[in-house]
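J.: dropping a prediction and its sequence here:
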Amino acid sequence: MVPYEYGETKHETTQVAPIQLFEEEKSTFILLPPERFEVPVWKVITVHRDRFFSFEGKYYAMSYIL
């Protein structure tokens, strides 16, 4: 059996137990929005000589400096 619960020992740098900081900061947390976020789409594309490319039917220009 562990003589202490997780997060109750002092952190060596801050000298404060993580559970104590969590309890102090918990009131500042915000809830996630009720609607789900959009999952990003990653695709391999080809950039043309004029620095334009198309993605899902739309055309985009790339910066000259990468």
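T.: Structure received. Numbers count the residues shown, from 1 in each chain.

J.: list the buried residues of the helix-or-strand element of the chain with minimal mean pLDDT.
T.: Taking mean pLDDT, DSSP states H and E as the measure, the helices and strands of the chain show their lowest mean at helix 18-25, namely a mean of 90. Neighbour counts over helix 18-25 (16 or more other C-beta atoms under 10 Å) mark no residue as buried. In this view, the C-beta of every residue, glycine as well, is placed from N, C-alpha and C.

J.: list the buried ones in the following helix or strand past it?
T.: Counting by DSSP states H and E, the next helix or strand C-terminal to helix 18-25 is strand 52-55. By neighbour count on 16+ other C-beta under 10 Å, the buried set for strand 52-55 is empty.

J.: go on, stretch 27-35?
T.: Buried, per 16+ other C-beta under 10 Å, within stretch 27-35: nothing.

J.: what about that stretch, start to end distance?
T.: 22 Å (C-alpha to C-alpha, to the nearest Å).
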